[in-house]
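Visitor: Predicted model follows, preceded by the sequence.
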Amino acid sequence: MKMEEIVRSNSNNGYGLPPADTGVWLLNWIADASTFLVHLERRFDPFFRRAFDFLFRQLAHSSVFLVPRFRSSAYARFRCLWKSIFTP
């Protein structure tokens, strides 16, 4: 077998993702723009992932801290309202 007959497999064959073809130019534009934004986000994600994880983790901890306090006061207001309506 000659070397010219061997076809090398290349996973990066250059085809890429085709543009959207929905038949409606607005939907095509929305699909292409959202795909572009996802690709852009994937480029910057490794640089900002730790900062966003830290920020959202702190936000989640603060909401976990605040929810029971709000829930108990809301429950107390509901209980007072319930008693005032249904107490003879």
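Guide: It's in.
Visitor: Next up, phi/psi of residue 28, please.
Guide: phi -60, psi -40 (degrees, to the nearest 10).
Visitor: if I look at the nearest residue to it once chain neighbours are set aside, how far off is residue 39?
Guide: Nearest non-adjacent residue to residue 28, counting by C-beta to C-beta, 6 or more residues apart in numbering: residue 20, 4.6 Å away. From N, CA and C alone the C-beta is placed, and that goes for glycine too. Using C-beta to C-beta, to the nearest Å, residue 20 is found at 14 Å from residue 39.
Visitor: Between those two, which is the more surrounded one?
Guide: Neighbour count, other C-beta atoms under 10 Å: between residue 20 and residue 39, residue 20 has more, with 16 against 10.
Visitor: residues contacting the more buried one?
Guide: Counting by C-beta atoms under 8 Å, 6 or more residues apart in numbering, residue 20 makes contact with 27, 28, 31, 32, 35.
Visitor: Apply 6 Å and report the result again.
Guide: Shown in contact with residue 20 (C-beta atoms under 6 Å, 6 or more residues apart in numbering): 28, 31, 32.
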